[in-house]
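Student: Provided below for reference: sequence and predicted model.
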Amino acid sequence: MHEVLEGMAIVIAALVFAVGWNACRMNIQRNVLLLACGFLGVALLDAGHTLSYQGMPDFVTPNSVAKGIWFWLPARFLAAFLLLAAVLIPWRALQPGAMPKAQRWGSLALVLAGVALVYVLVIFFPDTLPLVYVPPAGLTHFKIAAEYGVVALHLLTLGVLLWRMRGPTAFDAPALFAAVGIMALGEVFFTRYVSASDQFNLLGHVYKVLGYLYLYRAIFQGTIEAPYRALAQSEQKLQTVLDAIPDLLFELTRDGRYLRAPRQREELLAVPVSEILGRKVDDVLPPPAAAAVHAALDEAHARGRSEGHQFTLQLADGEHWFELSVARVQTDDWEEPRFVLLSRDITARVQALEERRRNEERIRHLANFDVLTGLPNRKMFASRLIQALALSQRSHAHLALLHVDLDRFKTVNDSLGTDAGDALLIDIARRLQAQMRPEDTVARYGGDEFFVALPLTNAQEAAQRAEALLAELRKSSQIAGQALVVTSSIGIAMYPEDGQDMQTLMQRAEAAMDKAKALGRDHYCFFSPEMQTASAHVLRIENALRTAIAQGQLSLHFQPQWRLQDGRLVGAEALLRWTHPELGRVSPAEFIPVAEASGQIIAIGQWVLDTALAQLRRWRDAGHAELTLAVNLSLMQFRQPDLLAVVQQALARIGVPAQALELELTESIAMQEPEKAIATVQQLAAAGVQLSLDDFGTGYSSFSYLQRLQVHCLKIDHSFVSHIEAPRGLAVVRAIIDVAAGLGLQTIAEGVETPAQLAALRTLGCDMAQGYLLARPLPQAEFEALLARQASGQALIDL
Ligand SMILES: Nc1nc2c(ncn2[C@@H]2O[C@H](COP(=O)(O)O[C@H]3[C@@H](O)[C@H](n4cnc5c(=O)[nH]c(N)nc54)O[C@@H]3COP(=O)(O)O)[C@@H](O)[C@H]2O)c(=O)[nH]1
């Protein structure tokens, strides 16, 4: 039985060695190497113990119990020390890579040398060894103490193990714990036996075998089971990763034969996977795609990997783009090279890039071309003009810059709507473009303004081109079902005579265009230095006007208005005056149009309204309650969407009744947008404000229009009054007064300069009059002096 149990123990210890030794060829684990080599020593010592056992044939020298024990004890101590060392040395997780040969073979040699030493001592020098067994007494104290020493080492190992098992371990700690625990128990039995065949000795051997078995299990688990499990897990993980990859994955041979498809996406394949495997790419893919795969395989074969080769495939849902990534699989030299090919569907990316390219192209186009007409815009025109000027400079050539502006384009927009206006602009742009030579550029500058650059063109040629353009633009356009005829005005500036740079030339072409308009439209006009002077003056006025209110340069004069029935001063017209420190007194006839064109008229108009109402308030407070004050409205003011609110707020803020304010609106302003004018006047009239129609008779208002325009007074223009002494002039004024009377409106004659004019007006029944004959526009103090004289009962005018 002893031999059987020992035989089993030797075999298991040898297995521990075999498994551990081979595992160390693939992994670096010092603990395993220690146990493996150590337990080979244990197996050899146990073999010596078995062979020396009493009852066995003599092993080199006569066998004895003591001889057996002398092989036994080193084996036990070796096992105990090995286990203790194995749990003391930190266990590292499995690391791929072979243990260095020198380390493995060195450890083995060390163990074998130790074992050989024990063999030599026990066989040839037994007398040097202490007594371990004395028949018939049995085991000596030394032997028992030695066995307890082994037990103590095992207990120490168990303690270390328990301490290590508090946390996760990189080895099979429970199996190792069981192995050490059982071996320790077995050793206790070996301290108790008397005869080699008693039950303690037997039990000790059984426990020893069991302990070895657990040790084997621990080594097997750590070196074979665990790596296999980790491998299975890692393969599972790899498959999960592969499943998550949205690409096609194939394994191919060097010549492009499909071996495997670890990741299948049938929807990205023209043919099912089953039909692909075993075939070559040339048989499956169209030639350009197959060529891309071969190129990728060649590259991966040469460099280990390849990326970026692309091809397209026509699939059921349309054309798809694919990009290849190929990696060469590590194989042994004798194996056929294999490649993992990842085919990524990059259709969305390609489409997004294409979309981005298109968007960039669109943005570039928007940045350089006018959206409505497709003509170059300001930016593009500027760059082309600068280039053309540089070229003209180098070649000493002329260049003509034309500013084309449509005449009365606004009327088209107002009467036919902006869609018709847009259609007209598109048509005009097309016609302008058709007139251009390859070297010319026409651009839309916004609204109905166009600029044309004509390189290599002298003044004579520019005039001919302008004539041709005017003639072309004069032709009718079919817009909104009707033939529309729009003329245009062209201003021309010549390089180098009129300017050397873009800015100057453009300003001068614009000034020339203004002149063409002033000449009656449908004209072209070359720039002349006089225009420059005029426009410089206008620019000066415009700039100076900006600070006029803040610097207190504005004031109001008041021209008295007289009731012709009794000669009383009943009102005044507020007239704006501007005195500039350098420009001196500037006439409103000069600066009001500039203020209008630059938009400053809104602020200036507000100032006039507030100042006039404040003055009126003071006069009314001073007892002139019947006095009214007329304030002129410009076109821009009249078009203010919040005009009613502006007027009402001013009245309320200053505390003047609406009836005391009269707003003067010229007939031409009222006729600009008749329907809107009727509505605005109606709102103001409803608010109680009086309205008079200035310059009456100079415009084209019809009776029906007059009937709907809720003004209370017609102001007979100076030009009619000045001709009143002639029969036809008299007839005109009479007609105006009769119309007004018929419509229930008052009349006021302006510009009365002679007693005869005044007499005629009275005879015709005109209600009121103002003019130099009666009084010029007066500063506040002088006007107040008149009021004071009237209040004191003096007659101010002779009727
Ligand atoms: N929008 C605003 N327009 C204004 C304002 N103040 C003036 N104006 C307009 O400027 C134009 C020139 O005005 P002005 O130089 O003040 O000339 C006015 C009178 O001085 C002049 N007048 C008055 N009586 C006579 C006369 O007997 N003979 C004669 N030759 N001229 C005379 O007429 C001008 C007043 O005209 P009208 O307004 O049509 O009543 C002028 O168009 C002003 O309207 C302002 O605050 N806002």
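Tutor: Nice, I can see it. Numbers count the residues shown, from 1 in each chain.
Student: where does the stretch 51-200 of the chain have low pLDDT?
Tutor: Applying pLDDT under 70 to the predicted model, the residue ranges of the stretch 51-200 of the chain that meet it are 93-99, 193-196.
Student: Helices along that one, start to end?
Tutor: For the stretch 51-200 of the chain, the helices identified by DSSP state H, counting those that start in this stretch occupy 65-88, 101-124, 141-164, 173-190, 199-220, in order along the chain.
Student: One more: the stretch 451-600 of the chain?
Tutor: With DSSP H, counting those that start in this stretch as the criterion, the stretch 451-600 of the chain has helices at 459-474, 502-518, 529-545, 588-598.
Student: Looking at those, which one is packed in the most?
Tutor: Neighbour counts (mean count of other CB atoms under 10 Å) averaged over each of the helices of the stretch 451-600 of the chain peak at helix 502-518, with a mean of 21. The C-beta positions use only the backbone N, C-alpha and C, and glycine is treated the same way.
Student: In space, what's closest to residue 63 - neighbours in sequence excluded?
Tutor: Excluding the flanking residues, the one nearest residue 63 by CB to CB, 6 or more residues apart in numbering is residue 52, at 5.0 Å.
Student: May I have stretch 420-430 as CSV, with CA atoms only?
Tutor: Included here for stretch 420-430 are C-alpha records, laid out as CSV according to Å, rounded to 0.1, in the frame of the first residue of the first chain:
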residue,chain,number,x,y,z
ALA,A,420,-42.7,92.2,-60.9
GLY,A,421,-39.8,94.5,-59.9
ASP,A,422,-37.6,91.4,-59.4
ALA,A,423,-38.6,90.0,-62.7
LEU,A,424,-37.8,93.3,-64.4
LEU,A,425,-34.4,93.4,-62.7
ILE,A,426,-33.6,89.8,-63.9
ASP,A,427,-34.6,90.8,-67.4
ILE,A,428,-32.5,93.9,-67.3
ALA,A,429,-29.5,92.0,-65.9
ARG,A,430,-29.9,89.5,-68.8
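Student: distance between that stretch and the chain's centre?
Tutor: Centre-to-centre, stretch 420-430 and its host chain are 35 Å apart (CA atoms, centre = their mean, to the nearest Å).
Student: which residues are in contact with it?
Tutor: When contacts are defined by CB atoms under 8 Å, 6 or more residues apart in numbering, stretch 420-430 is touched by residues 370, 372-375, 406, 409, 412-413, 442, 444, 448, 450, 473, 477, 479-480, 484, 486, 488.
Student: how about a cut-off of 6 Å?
Tutor: When contacts are taken as CB atoms under 6 Å, 6 or more residues apart in numbering, the neighbours of stretch 420-430 outside the stretch itself are 372-373, 375, 412-413, 477, 479-480.
Student: Just among those, which is most surrounded?
Tutor: Using other CB atoms under 10 Å as the neighbour criterion, residue 375 leads the contacts of stretch 420-430 with 24 neighbours.
Student: Relative to residue 434, how far out is it?
Tutor: 12 Å (CB to CB, to the nearest Å).
Student: Residue 790 too?
Tutor: Using CB to CB, one obtains 70 Å as the distance from residue 790 to residue 434.
Student: Have a look at those two and say which one is more surrounded.
Tutor: Each of residue 790 and residue 434 had its neighbours counted (other CB under 10 Å), and the higher figure belongs to residue 790 (18 against 9).
Student: That one in helix, strand or coil?
Tutor: Secondary structure for residue 790, judged by DSSP: H, G, I helix; E, B strand; the rest coil, is helix.
Student: Now do the phi/psi pair for the closest residue to the ligand within the stretch 101-250 of the chain.
Tutor: Of the residues in the stretch 101-250 of the chain, the one nearest the ligand is residue 246, at a distance of 72.8 Å by CB to the nearest ligand atom. When quoted as degrees, to the nearest 10, the phi and psi of residue 246 stand at phi -80, psi 30.
Student: Also the one 4 residues further on?
Tutor: The phi/psi pair for residue 250 (degrees, to the nearest 10) reads phi -130, psi 160.
Student: Least confident of the helices of the stretch 451-600 of the chain, on average?
Tutor: The stretch with the lowest mean pLDDT among these is helix 529-545, at a mean of 87.
Student: and that one, what other elements does it pack with?
Tutor: Helices and strands touching helix 529-545, by 3 or more CB pairs under 6 Å, 6 or more residues apart in numbering; DSSP states H and E, are helix 502-518, helix 588-598.
Student: Tell me how many other residues crowd residue 444.
Tutor: Counted by other CB under 10 Å, the residues lying close to residue 444 total 25.
Student: Thanks a lot, catch you later.
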